[in-house]
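Asks: output the structure for:
(chains A and B)
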2 protein chains.
Amino acid sequence: MRPIHRAAIIAVGSEMLTPSKVDTNSLFITEQLNLLGIEVTFKTIVGDDRAELEHVVRDAIARVDLLVCCGGLGPTDDDLTRPVVAGVMERPLIEDETIASRIRARFQGRGLEMPEINRRQAMVPTGGRVIPNPNGTAPGLWIEDGDRVVLLLPGPPRELKPMMATLAESPLRERAGGGMALVRRIIRITGRSESHVDEAMQPLYAEWSRAAVPMSATILASLGQIELHLTACCAARFDAEHALNAAVEQVKDVMGLHVYSTDGRAMEEVLGEMLAERKLWIAVAESCTGGLIASRLTDVPGSSRYVERGIVSYSNAAKTELLGVSKEMLMTHGAVSEPVAIAMAEGIRGRARTDIGVGVTGVAGPDGGTPEKPVGMVCIAAASVKETRVRTFRFVGGREMVKFQASQAALDMVRRMLLEAN
Amino acid sequence: MRPIHRAAIIAVGSEMLTPSKVDTNSLFITEQLNLLGIEVTFKTIVGDDRAELEHVVRDAIARVDLLVCCGGLGPTDDDLTRPVVAGVMERPLIEDETIASRIRARFQGRGLEMPEINRRQAMVPTGGRVIPNPNGTAPGLWIEDGDRVVLLLPGPPRELKPMMATLAESPLRERAGGGMALVRRIIRITGRSESHVDEAMQPLYAEWSRAAVPMSATILASLGQIELHLTACCAARFDAEHALNAAVEQVKDVMGLHVYSTDGRAMEEVLGEMLAERKLWIAVAESCTGGLIASRLTDVPGSSRYVERGIVSYSNAAKTELLGVSKEMLMTHGAVSEPVAIAMAEGIRGRARTDIGVGVTGVAGPDGGTPEKPVGMVCIAAASVKETRVRTFRFVGGREMVKFQASQAALDMVRRMLLEAN
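Replies: As a prediction, the model looks like this:
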């Protein structure tokens, strides 16, 4: 069979043709396909419209080796992907009793009866292979037509992603024909601006472009961090991985502790592993971040091994009662001040009897700013048995942006404190 | 001339076919077009590849009244939009001396000589109208072909947006056929599954499709909520608004208190406004949600008027010390139980002296589940001066999904308690 080289992605759903929703599933799919050396040659977004969908499916099938359709597999009238693809490929739909009973069981598990319309999700085009969906009712479908493959996946990212990852492991890998491997690494950096990172990286960019395995780099600024995407494309996956590993080390040499992740992990995962390894407990006292730091820390499975408690001390009364910040200090310095941040960090550390305490107080905005304490000003303190660190930041952007950047800086302050304590 | 009703958008650029970049220009273009009553029927993203681009342009021109191409107007070899569109439309390119001298002047203004390749940006397809670009070298192009319009715009958002806004003011407005307006409403519903909402809505769908101002509906399931997008298209914007207002009331009649938002606001904003209006204070005690409820509440500007404090009582010690949950109760019922949720809600309400107290305890997973208390089981309590409510939920999905659904259910429980107390 001819190996798969070229793919197209069709995202189905009228909501993605409105001004407020964008297709992001295709990014994950593209990543998985690129790792197998499969290139995405075009993407189309189409609404829940039978004629339009039929046209783009027919057109795409003729142009690529692999067509991935996402969305439109739900149980309602405007979910058209299954019947339209079956029609274009001339594969009549047949009800699959195994799928139907699985969907029925899913509803029963939640004490509900399966609505009649959900039976549509059990329909399979003749010759189609069913791809299990562990997180939803709509299974995926894999339909071959000569050398071509058409793949239907459900739209919700939490359903699509694990299914796509599983497919990339086995049937897609076999059909990809072991060609050129396109491998990427994402390096995450915090505490430095995009232009600063870009300038520091220039000599490396030049070196990489002339290397035996040439690598390209893209720099991407997002909230509270800079991402550096390194890409290598070469015949042997091993060579690409090897070259990228060396490049990652070079970046770490240049950027030092500002590099916090080289394997795609988020800050809270990196810090969580450090706390778990060192068998340390943490407690956080938050004012302007409003619980976001505790929430990010507890997003990580197993975080109950190191998160003891969190206090969201939004009112001054809460700061005094729960953290022991004195009324005098609040009067003298104001709630947003380094002494108060320190008192919060040390106060929660003492009361929770943890190894690490964190205190964050600031002006998240949009109101509440003054000339001396403008919106975006945040004081962050971290206390351990050995030391207490404190720093005042000035973040830009709206309320949620200030909250996120402050949470990132607080987690990073603890990360650096642990690293430098070694 | 026939008015423009249907549009397509083609975004050109190989970078948008990688796993890290997504086309966002089309969101702004869609918004501008929708306001003129022009519907976007599909969007395609294609790389800097002559054959692919030619295919999608040829295909799109045949299917819509207006084709907007963004990107690929730069001066380099891989900028292909101008020659490809000229080729498909059979309009030979001619150098426009006015554009060339404007580009030359732009370079001279920065003390540079115009590189020879920039002359490509002065090429105009025969009969094409030049759209000035105040923020860059590449002008836009407006090419008519009978009733059809093809519009070429540069890719950088800060160049494209002002150009698109200007076009929407005048030539597009005239061609849009005198203000058919396409108006949307987003209704958010919680506590019901997609299929249940869809089934309950069927009679309304049928009624709306036959109404004097016909309306269409799209249903969209996302985590912890169902969205119903209603769209009306009619000559007078006022009539569309009026019809949609009536439809929103019908949905509220059918779905009752499950409808929590009809104006695009999130749950935390809706509840926040209710608390602020009633001059009520809230405090939350969270275990498995780990601070997410407090963080969502404090995402809303002005939330310091009603959020008094939050406690993330991850350890049993924290539940006892900070909320007064007795050790006996924790021993007898276990941390994840309705009595503990109640004790948390009433405990924080008493200690924070607030009007409302919330208590949440559950198994977020992936570990820690037992046959009696599986992953996803969450007990939620809300206490006011008059009553305490409690309910046990079974959520599906991974850790972050369980956290979000639990936060949504907790905020909704308080919302309903306030509404039913009136």
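
Asks: the closest residue to A:R50 other than its chain neighbours: neighbouring residues, count only.
Replies: With C-beta to C-beta, 6 or more residues apart in numbering or on different chains as the criterion, A:R50 has its nearest non-adjacent residue at 5.6 Å, and that residue is A:L80. Any C-beta I mention is one placed from the backbone N, CA and C, and that applies to glycine too. Counted with other C-beta atoms under 10 Å in any protein chain shown, residues neighbouring A:L80 total 23.

Asks: quick one: pLDDT of A:L80?
Replies: A:L80 carries a pLDDT value of 95.

Asks: centroid-nearest residue for chain A?
Replies: A:A266 (8.1 Å; C-alpha atoms, centre = their mean).

Asks: what's the burial count for the closest residue to chain B within the stretch 51-200 of chain A?
Replies: Proximity of the stretch 51-200 of chain A to chain B (C-beta to the nearest C-beta) peaks at A:P115, 4.2 Å away. Counted with other C-beta under 10 Å, the neighbours of A:P115 add up to 17.

Asks: now do the contacts for it.
Replies: A:75, A:107, B:195-196, B:199 (C-beta atoms under 8 Å, 6 or more residues apart in numbering or on different chains).

Asks: what do you get if the cut-off is 7 Å, keeping everything else the same?
Replies: Counting by C-beta atoms under 7 Å, 6 or more residues apart in numbering or on different chains, A:P115 touches B:195, B:199.

Asks: ok, it to B:R173 distance?
Replies: A:P115 sits 45 Å away from B:R173, going by C-beta to C-beta, to the nearest Å.

Asks: could you do A:A285 as well?
Replies: For A:A285, the distance to B:R173 - C-beta to C-beta - is 55 Å.

Asks: with A:R91 instead?
Replies: A:R91 is 46 Å from B:R173, by C-beta to C-beta.

Asks: tell me how chain A divides into domains.
Replies: With domains defined by automatic domain parsing, chain A comprises A:6-175, A:181-261, A:267-421.

Asks: mean pLDDT lowest for which of those domains?
Replies: domain A:181-261 (a mean of 88).

Asks: now it, how far from the centre of its chain.
Replies: 19 Å (C-alpha atoms, centre = their mean, to the nearest Å).

Asks: now swap in stretch A:361-371 and tell me
Replies: 29 Å.

Asks: any bit of it sitting next to chain B?
Replies: Yes - using C-beta under 7 Å from any C-beta of the partner chain, stretch A:361-371 comes into contact with chain B via A:366-367.

Asks: stretch A:129-144 too?
Replies: Yes - using C-beta under 7 Å from any C-beta, we find that stretch A:129-144 touches chain B at A:N135.

Asks: contacting residues around that stretch?
Replies: So stretch A:129-144 is contacted by A:73-74, A:89, A:91, A:96, A:99, A:103, A:106, A:118, A:121, A:124-125, A:127-128, A:149-154, A:156, A:158-159, A:162-163, A:167, A:171, B:397 (C-beta under 7 Å, 6+ apart).
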